[in-house]
Each structure stands twice: as structure tokens, then as C-alpha cells.
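**Student:** Here is a sequence together with a model predicted from it:
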Number of protein chains: 2
Amino acid sequence: MATLKDVAFLAQVHPSTVSRVLRCSENLPISAETRQRIMAAAIELDYHPDQRARALRLGKSNTIGLIIPDISNPFFADIAQSIEQECHKAGYMLMVCVSNEDQEKEINFVNNLTSRGIDGLIIAPVQDSYAHLVRLKKKNYPFVLIDRCFEEFETNAVISDNEASAFDAMEHLVKLGHRRIAFLSGRPTIYTIRKRLAGYLHAVNVYDLDRTPELISNGGFTFEQGYKECLKILSLPEPPSALLVSGNQITFGALRAIVETGLKIPEDISLIGFTDSIVTPFLVSPLTAITHPLRDMGARAFALLLQHMNAKERLPFSRIVVETKMLPGASTAPINEKMIA
Amino acid sequence: MATLKDVAFLAQVHPSTVSRVLRCSENLPISAETRQRIMAAAIELDYHPDQRARALRLGKSNTIGLIIPDISNPFFADIAQSIEQECHKAGYMLMVCVSNEDQEKEINFVNNLTSRGIDGLIIAPVQDSYAHLVRLKKKNYPFVLIDRCFEEFETNAVISDNEASAFDAMEHLVKLGHRRIAFLSGRPTIYTIRKRLAGYLHAVNVYDLDRTPELISNGGFTFEQGYKECLKILSLPEPPSALLVSGNQITFGALRAIVETGLKIPEDISLIGFTDSIVTPFLVSPLTAITHPLRDMGARAFALLLQHMNAKERLPFSRIVVETKMLPGASTAPINEKMIA
DNA sequence: TTGAAAGCGCTACCAT
DNA sequence: ATGGTAGCGCTTTCAA
């Protein structure tokens, strides 16, 4: 790798001169001839400034970090994609890290990224703990949470209206006559899930629905877990006539369980999923889905972060709530005798 | 951010002593008392060594870069996920960059990452040009290509048996009686696609199938492009009775076109896709798919890279070819009169 | 118009 | 057992 020194040597000038020429604006006092020589040398040696050294010297890396729990989940993949594009537009690099829903890993990533001189951080936190984020906040380090946040700990965040959307989905099912509705929730320590659960329970109370505790399942967020939890629920002595499922991978897992059990959607069972995937309309039964404005979420998270990174003084924290949309499908139908039997 | 100096000051020792204590093995000549003081100070100040400075000093960053064209494509997302996990196991950080199939962006990423002192690079190249990779190779910089490689330019690579798998898929359709088979190819400048096209054409020749040029479509890799190209093909005066589709997003786009046109799979049209997604079995028609061992591809690419990064001397390049598998589905059926009409 | 020197935070080597 | 120093590659201020 060619260094400033190498270029300087080839161009027969001092390294500092090279730096000035390569960095500075048009109207810098330099002889056209020297500039030519330096440019030629830089190209000749395929010189690219060492970003570590620059970052060290400048105290700025023009890079931000993103920590997400799962990159193979389209939910986070699409958010990552949009953040990456926003970064690119703004001249930033993005460093993506995958915590795999492992709190230890997340903590390591936070430490590692900050000590790499990353200018800011966007995190979809695992939410088993948050002491490491309190430390970040204390150090006045700019960061934005996405999708998940803490009720008891104030930070920047971009989240969605989970409680309302879960309630609306339930209401939709209730209007079709369903009264025994299961909720495949995911990991309940997470903000998103707690809110959705609250929306579910609210509907259960308002409409006095079946309260069988087994109707609420707490697994994890993976395909496998969705599959297993759904199988368990379908084999209840009194299985539900409808399902509310919380997340892409879980929904696909539930789908597998339903298909394998030989049930038809929506004839035998209705299904609404919190599902963000281009394929939902082309599934065995086109899914009625609660969808997130993922690109918008990513863009707003980055904009908020940028704002805080550029701020001269401490800015107040923002909590941005985006609206979900119900994508109509064909996976819900009125209740029928067969289901009640 | 606390520095070595801060810790040293608090512990009343010299910075170099702190560095030694924090870095070195057990049997380093140091008084237990001093060690205690230093450790306490480090924890007190929440000290984390500046990785930029370390990387600069050590000439090693313990970070590798990954450049992929599209993170919201499950194909690349799963590869990224597996590489990330391998990295983590080996104590490396992963920096993911998304080129969005834009050659300029990829070139920028390569320059940017290398000048960040990244130890190695895994790239699924855009393949509009490769001068930048030639430069990397000249500098003896370790990198591995994944999924796509260059016939005329020798590098490390992990790829799959595209030509054979395309031929096999065609054979499968031919045996069902299909003779007018369309190929939705994606961008044909890419190795993967050229190979698949070769397999397709080989089958066309061997079995003397319909050679209508319009049966071969060259769009891009996106959902939208798959949708449009497929619509075009379905509205041919003599539409095909079967479709071979190259890639996740294209397949989903094609699915949309088929569903919207009111065609049924496989009654009206057969479909085989190069599709790696957990949802393929739960699509309108469970898809017959050619799948890649994605986790394995990622793991092998990383292992190969690691080998080259650790090598004292120049190693010979490896080209690893992994095998695809045909996942049986219900999206293919024997040809019938309706199709021929 | 260009050169010299200091220093970002760290580690490795050489002193003591 | 601990301290001092040089230097990784860069930028910036000051000097000439």
C-alpha cells in the first residue's frame, strides 16, 4: 500500500504538501506544476489515504455501525439495505454487525465499534440488558434504536405502533366471528412483542375472547421456533380458529406447521402475520399482513442519527413512531361450524 | 473515551505499562499490586483500546470486508449471515457493504475498505469490470470471490455448478414433455448467468427444443424486473409451457406475473427456479427449486480467506465449486393439450 | 509556495 | 518490575 511518503518521494516534495494538495480546495496556494507532479505520482502509485490514520488524526471516521439481530430476516435486511443507501448518499460507510439475538455479542459489538472510532450507531437491541447503552449515553455517543426501544430508558428511537396494529388485527378477526385466537409472539422480553401482546390482550378484554393461556405462545424469532410453537397450538384439545403471528420467520414457520397438519387457510384456520416480505402475496394463501414502512424506518433512523452526529450541543432525544399498514390478503375468513366443532 | 494515558494517570504508572498489562500473557513480570491498580483503573474508566490506533500500529485490524450486490436478497443475506458467524468464531469483525449491482460503488468500497486496513475481502462482484480486482491481486491483498468469478482472471473463488444444474432442470422439464421452455435469466454479464444460460442452451441443443429467441429474457435481478420480463414472455403469441427462472427476487416477480395473469402452476405452466428461500415450499405452488448450500459457501469462503490472510508466503489460488440441489416441489407437471393449444 | 514538527492512541523495543 | 521512546500514516499549524 502506497503512503503519503511514497507519493511525496516520487513527486519530490514534502509529505505535508501532498496531503494539502490532495485534501484542499481549488484556491490553495500551490504551483500548477507541483500539483501536476503530485497528482501524477498519486495515480501512478494507486495511492489511497489510510483511513485509520485519518480517522485517528481527525477524530472522525465517516462510518457508522448498525447492529441487528438477524440479517436473514427480511425485516432487518430491508432496514439494513435502506440505511446503507442513506449512508452512501451522505458519504458515510456502514458497518453491519449481527448479534443473533445474543446480548453478549451485542455488547461486544458496541464496544468494538465505538473503539473503532465509528461516528454513530444504529441498534435493534436484544433487550436482555441495557447497561452498555447507558454507558454510551453517558459518553454522549450518538446512537439511535430501531424497531425496539426501552420504556424506562430514554434514547433516540424509530419504532412502530405495535399495540394499535395488534389490536386492529384482532378486531378484524373478531368481526369475522373468531373468539379463540392464538398469538405466536416471539421473545416476550422485547419491546415490540410486549406492545403487540398488550394490543392482543386489550382486544381479548374488550371483546371478552377466549382466555386459555396456551393460546399465547412465547418462543423465539426463528423459523424453527415458529414451526414448533405453532404445532403445539394446533394440537391443543381446543385449537384456535385464528392465529396472530408476530414476525416474518415465525410466520413462515407457522405456515409450515399448518401445511404439514393438512389444514387449509382460511377454510380451516385464519391467519394474520406481522410479515414484511415481498412474497406474502404469493404464499399458499396470500397473507393478510401487518407491514412496516421499512425503507422509511431506515431512512428516518439515519437522518436522526446524522442530526445528532452533526449537533454542536446536546440535542433532545426523539422517539419517532411510524405507522404500520394492514395488507389485505386471503388468509382470513368468517368462522364456520367446522372450526367450532 | 478513555485512553491509555488516562488509565495510566489514574493507576499512577506509565502508559506502556498499562498496555503491557492489558495485552500480555499471564507470566509477564509485573507486581500483583500494580496489575490490580491498572485493572481497577481500566474498569473504572470503562477503557476500551482504540482499534484504529492498534490497527495502525500493528498493521492488522482483525476485520474483513464483505461486498454483496443486494442484502435484501435471501441468497446474499444468508451468505452474509454465515460469513458473519464464521468471522465471529475466528475473532474477526465483519464489515458488510452493498454495491446494489453498481460497479462504481463496488470499486469505491474496495478502495475504502482496503484503506481502512481491512485484513481481507470477500466479494460477490458486479462484473461489469475487474481492473480494481487486478490491482488488489497485484498488491497481494487477500480476497475471495463468492458466487461469481471471472473465467479470464484467476482468483480465489467459491462458486456453484451453475451449468450442470441448469441443464438438469431443463432435462427434468423435457422428461415431462415440455419443448417450449423460457429462461428468465437476470443480467447476462454475470458469470453465474452465463453458465446457467450455457446449461439451458446445451439442453435446447441436445433435445432440439424450441429456439424462439424471445424465450430467453435478459432483465436484471430485481423483483420488478422479474415481474415485467415474465409478463412479456407470458404474452408471447406462443407462450412457453414451462419456465426456468434464475434467482430469488426474479422468481418472486415471475410468480406475481403468473398469479396476476390468472395462470395456475403447474396446471397451466411449469416453473423451476434458482431459489434459495425458506418460503419456497409454502408458495402458491410449492416450488421446485435449485438450491445452494449457502451456509457452506459462506463458511468455505471465509476459511479460504483466513488461510490466505495467515499465509506467510504467496499461496496458489483455489476455485471451490459447491453442488446445488434440486428441491422437489409441485410446480412442475407433464405437458397437457391446453398448453400446446 | 513549500517544509518542518507535533500529535492522534497505541505497542514494541530498549533501558534501567 | 517499570519507564522512556520511536513510529504506524495522516493532518494542521507555524515558519520560512
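**Tutor:** Yes, it's here. Because the structure is a prediction, the values reported are computed rather than measured.

**Student:** A:Tyr92: how many residues sit nearby?
**Tutor:** 22 (other CB atoms under 10 Å in any protein chain shown). Heads up, the C-betas are built off the backbone N, CA and C, glycines and all.

**Student:** Now do the phi/psi pair for it.
**Tutor:** Per-residue torsions, A:Tyr92: phi -110, psi 150 (degrees, to the nearest 10).

**Student:** Can you give me every residue that contacts it?
**Tutor:** Shown in contact with A:Tyr92 (CB atoms under 8 Å, 6 or more residues apart in numbering or on different chains): A:62-64, A:119.

**Student:** any chance of those in a markdown table, plus pLDDT and neighbour count?
**Tutor:** Output for the contacts of A:Tyr92, formatted as a markdown table (pLDDT from 0 to 100; neighbours: other CB atoms under 10 Å in any protein chain shown):
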| residue | pLDDT | neighbour count |
| --- | --- | --- |
| A:Asn62 | 93 | 17 |
| A:Thr63 | 93 | 21 |
| A:Ile64 | 95 | 26 |
| A:Asp119 | 96 | 21 |
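
**Student:** Tell me which two of the residues you listed sit farthest apart.
**Tutor:** Distance extremes for the contacts of A:Tyr92: the farthest pair is A:Asn62 and A:Ile64 at 8.5 Å, using CB to CB.

**Student:** what secondary structure does the residue lying closest to A:Leu236 once chain neighbours are set aside sit in?
**Tutor:** Computed as CB to CB, 6 or more residues apart in numbering or on different chains, the closest residue to A:Leu236 that is not its neighbour in sequence is A:Glu214, at 5.7 Å. Of the three states, A:Glu214 takes helix under DSSP: H, G, I helix; E, B strand; the rest coil.

**Student:** of all the residues in chain A, which ones are close to DNA strand C?
**Tutor:** Chain A comes close to DNA strand C at residues A:13-17, A:20, A:29-31, A:33-35, A:53, A:56-57, A:59, as judged by CB under 7 Å from any atom of the strand.

**Student:** Among those residues, which ones lie close to DNA strand D?
**Tutor:** When contact is defined as CB under 7 Å from any atom of the strand, the residues of chain A next to DNA strand C meet DNA strand D at A:15-16, A:20, A:53, A:56-57.

**Student:** List only those of the residues you listed flagged as buried.
**Tutor:** Neighbour-count burial (16 or more other CB atoms under 10 Å in any protein chain shown) applied to these gives A:20, A:53, A:56.

**Student:** Give the buried residues for stretch A:34-47.
**Tutor:** Within stretch A:34-47, the residues that qualify as buried are A:35, A:37-38, A:41-42, A:45, A:47, counting by 16+ other CB under 10 Å.

**Student:** Give me the distance between the two termini of stretch A:166-182.
**Tutor:** Using CA to CA, to the nearest Å, one end of stretch A:166-182 lies 12 Å from the other.

**Student:** what's in contact with stretch A:257-270?
**Tutor:** Stretch A:257-270 is contacted from outside by A:173, A:176, A:178, A:226-228, A:230-231, A:234, A:239-243, A:271, A:284-285, A:330-333, A:335-336, A:338-339, B:281-282, using CB under 8 Å, 6+ apart.

**Student:** Of those residues, which belong to strands?
**Tutor:** Within the contacts of stretch A:257-270, residues falling in strands by DSSP state E are A:242-243, A:271.

**Student:** Filter these down to the buried ones, PyMOL style.
**Tutor:** The buried residues among the ones in strands among the contacts of stretch A:257-270 can be selected in PyMOL (16+ other CB under 10 Å) with this line:
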select buried, chain A and resi 242+243+271
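
**Student:** Please convert the ones in strands among the contacts of stretch A:257-270 to JSON lines, extending it with pLDDT.
**Tutor:** Formatted as JSON lines, these follow (pLDDT from 0 to 100):
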{"residue": "A:Ala242", "pLDDT": "98"}
{"residue": "A:Leu243", "pLDDT": "98"}
{"residue": "A:Leu271", "pLDDT": "98"}
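
**Student:** want to throw the ones next to DNA strand D among the residues of chain A next to DNA strand C into CSV with secondary structure and pLDDT?
**Tutor:** Listed next are these as CSV, based on DSSP: H, G, I helix; E, B strand; the rest coil; pLDDT from 0 to 100:
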residue, secondary structure, pLDDT
A:Pro15, helix, 94
A:Ser16, helix, 94
A:Arg20, helix, 93
A:Ala53, helix, 95
A:Leu56, helix, 95
A:Arg57, helix, 95
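
**Student:** would you list those in JSON lines and tack on distance to B:Val126?
**Tutor:** What follows is these, written out as JSON lines (distance: CB to CB, whole Å):
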{"residue": "A:Pro15", "distance to B:Val126": "35"}
{"residue": "A:Ser16", "distance to B:Val126": "37"}
{"residue": "A:Arg20", "distance to B:Val126": "34"}
{"residue": "A:Ala53", "distance to B:Val126": "29"}
{"residue": "A:Leu56", "distance to B:Val126": "32"}
{"residue": "A:Arg57", "distance to B:Val126": "33"}
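
**Student:** Among the contacts of stretch A:257-270, which ones are in helices?
**Tutor:** Among the contacts of stretch A:257-270, DSSP state H puts A:173, A:226-228, A:230-231, A:234, A:338-339 in helices.

**Student:** Between the residues you listed, identify the one with the most neighbours.
**Tutor:** The ones in helices among the contacts of stretch A:257-270, ranked by neighbours (other CB under 10 Å): first place A:Gly226, 29 neighbours.

**Student:** isn't A:Ala333 right up against A:Lys175?
**Tutor:** No. If you go by CB atoms under 8 Å, A:Ala333 and A:Lys175 don't touch, sitting 11.7 Å apart.

**Student:** neighbour-wise, which of the two wins?
**Tutor:** A:Ala333 (21 against 11).

**Student:** Pull the contacting residues for the more buried one.
**Tutor:** A:176, A:266-267, A:270.

**Student:** Which of these sits closest to DNA strand D?
**Tutor:** A:Ser270 (60.6 Å; CB to the nearest atom of the strand).

**Student:** Look up how far chain B lies from A:Glu214.
**Tutor:** 25 Å (CB to the nearest CB, to the nearest Å).

**Student:** show me the contacts for that residue.
**Tutor:** So A:Glu214 contacts A:232-233, A:236 (CB under 8 Å, 6+ apart).

**Student:** Excluding chain neighbours, what is closest to A:Gly199?
**Tutor:** Closest residue to A:Gly199 apart from its sequence neighbours, by CB to CB, 6+ apart: A:Ala166 at 2.9 Å.

**Student:** looking only at pLDDT, what's the mean for the helix or strand where that neighbour lies?
**Tutor:** Using DSSP states H and E, A:Ala166 falls within helix A:162-175. Looking at helix A:162-175 alone, the average pLDDT works out to 98.

**Student:** beta partners of the closest residue to A:His178 other than its chain neighbours?
**Tutor:** Once flanking residues are discounted, A:His178 sits nearest to A:Ala242: 4.1 Å by CB to CB, 6+ apart. Per DSSP bridges, the residues bridged to A:Ala242 are A:Ile181, A:Ser270.

**Student:** hang on, isn't A:Ala242 packed against A:Phe183?
**Tutor:** No. Here A:Ala242 does not reach A:Phe183: they are 10.0 Å apart, not a contact under CB under 8 Å.

**Student:** quick revisit: apply the buried test to the contacts of A:Glu214 and list what passes.
**Tutor:** Using 16+ other CB under 10 Å, the buried members of the contacts of A:Glu214 are A:Ile233.
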